[in-house]
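Engineer: only geometry, no sequence info:
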């Protein structure tokens, strides 16, 4: 198949291109002007310089493509101005899907996020990971990133229902692994740990998944996914508290895991001070309101649907962390 990929230079995009090429597909990749292309070095693909906000160039670039993977997104938990995030995540999605439809793409895989699915609550003292059917309540759309992706997912679903576009939605959980050059907010957790910038931990949890499993999950969605459905791309054994994740990272890296648990209210105050400073300096804050608010719930998910219907790989979480640690160290991100 000839595949069109947006967000090509990003963490997911680069791993997706590697996976597509490994399976014999041809790739046409959209790369923004000035993007960091280190993760794409050595890959044999057709490069197109452009932007998902440029509707005309998208339609021309997608001509002759069989599959479209829309992985481009603005993934940040703090910005001085969130208007560009909404433009990229919502209007950019509309532009890409419309262009893919006009180009006659047979499958369109849209990369959403598990953040568009409701998180579990404790029942009789036990937390049951949620599935794709769990609707997200308004109070969990607690930041611009989640809200913009929720709106974008709505665009994708609407275009499937009203325009008949062959859309399949995938919802990755918390991917980690090699190639997180920016890094993403998820990768930053691992990197801060390695650099000794995690003196304490919050009582929260994530579903960690290897980035390569997420990349392969996109391809499997195009091959086997049901149109109009969404699939959680996660790991069935990857639901860990943050403390458990740090203990696992200690085992892999030798860096001591933090022993102290920080109260939620104190984390909010720290985020407040961090964001105030960031507003004046322009540098990303050490902690964000969005990150702390999301941490109030354990973001644990059930990816059994993707495993059952798509054959989603389940690389052990320890291997995902080990690959991330090795990549950060090999590429000069770890300072000590």
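Structural biologist: Perfect, I can see it now. For clarity, every value in this text was computed on a predicted model and none was experimentally measured.
Engineer: Let me know whether residue 84 touches residue 74 as I believe.
Structural biologist: Yes - contact criterion Cβ atoms under 8 Å: residue 84 and residue 74 qualify, at 6.7 Å. (Each C-beta comes from the backbone N, C-alpha and C, glycine too.)
Engineer: More neighbours: which of the two?
Structural biologist: Higher neighbour count among residue 84 and residue 74: residue 74, with 18 against 13, using other Cβ atoms under 10 Å.
Engineer: Now residue 245: closest residue in space, sequence neighbours ignored.
Structural biologist: residue 208 (6.6 Å; Cβ to Cβ, 6 or more residues apart in numbering).
Engineer: quick one: the one you found and residue 174 touch, right?
Structural biologist: Yes - if you go by Cβ under 8 Å, residue 208 and residue 174 touch, sitting 5.2 Å apart.
Engineer: any common contacting residues for the two?
Structural biologist: residue 238 (Cβ atoms under 8 Å, 6 or more residues apart in numbering).
Engineer: picking up where we left off before, please report how far the residue nearest to residue 245 lies from residue 238.
Structural biologist: According to Cβ to Cβ, to the nearest Å, residue 208 and residue 238 sit 4 Å apart.
Engineer: what's the answer for residue 150, then?
Structural biologist: Noted for residue 150: a distance of 23 Å to residue 238, by Cβ to Cβ.
Engineer: For those two, indicate the residue with more neighbours.
Structural biologist: residue 238 (25 against 20).
Engineer: so who does the more buried one touch?
Structural biologist: Residue 238 sits in contact with 173, 174, 206, 207, 208, 209, 317, 320, where contact means Cβ under 8 Å, 6+ apart.
Engineer: show me the contacts for residue 203.
Structural biologist: 241, 242, 243, 261, 264.
Engineer: Would you list the phi and psi of the closest residue to the first one other than its chain neighbours?
Structural biologist: Put plainly, it is residue 241. Using Cβ to Cβ, 6+ apart and skipping residues adjacent in sequence, the residue nearest residue 241 is residue 205, 4.6 Å away. Main-chain torsions, residue 205, degrees, to the nearest 10: phi -160, psi 150.
Engineer: since we're on residue 205, how many residues are nearby?
Structural biologist: Residue 205 has 23 neighbours, counted by other Cβ under 10 Å.
Engineer: Could you check how far it is from residue 244?
Structural biologist: Residue 205 is 8 Å from residue 244, where distance means Cβ to Cβ.
Engineer: and if you look at residue 106?
Structural biologist: Taking Cβ to Cβ, one finds residue 106 at 42 Å from residue 244.
Engineer: more crowded one of the two?
Structural biologist: Looking at residue 106 and residue 244 with other Cβ under 10 Å, you find the greater number of neighbours at residue 244, namely 16 against 12.
Engineer: Doesn't the more buried one lie inside a helix?
Structural biologist: Yes - membership of residue 244 in a helix is supported by DSSP: H, G, I helix; E, B strand; the rest coil.
Engineer: Now do the contacts for it.
Structural biologist: Neighbour list for residue 244: residue 205 [criterion: Cβ under 8 Å, 6+ apart].
Engineer: Would you confirm that the residue nearest to residue 241 contacts residue 242?
Structural biologist: Yes - the pair residue 205 / residue 242 is scored as a contact, 6.4 Å apart, by Cβ under 8 Å.
Engineer: Secondary structure class of residue 168, three-state.
Structural biologist: Quick answer, by three-state DSSP: residue 168 is strand.
Engineer: ditto for residue 215
Structural biologist: helix.
Engineer: Let me see the backbone angles for the closest residue to residue 183 other than its chain neighbours.
Structural biologist: Distances taken as Cβ to Cβ, 6+ apart place residue 191 nearest to residue 183, at 5.8 Å, with adjacent residues excluded. Residue 191 adopts backbone torsions of phi -70, psi -40, taken as degrees, to the nearest 10.
Engineer: Then residue 6?
Structural biologist: For residue 6, the backbone dihedrals (degrees, to the nearest 10) come out as phi -100, psi 160.
Engineer: Quick one: residues contacting the residue nearest to residue 241.
Structural biologist: Per Cβ under 8 Å, 6+ apart, neighbours of residue 205: 127, 239, 240, 241, 242, 244, 298, 299, 300.
Engineer: Kindly report the same for residue 11.
Structural biologist: Residue 11 makes contact with 39, 175, 179, 180, 181, 182, 183, 184, 187, 211, according to Cβ under 8 Å, 6+ apart.
Engineer: ok, 7 Å please
Structural biologist: Residues in contact with residue 11 (Cβ atoms under 7 Å, 6 or more residues apart in numbering) are 179, 180, 182, 184, 211.
Engineer: Nothing else from me, thank you.
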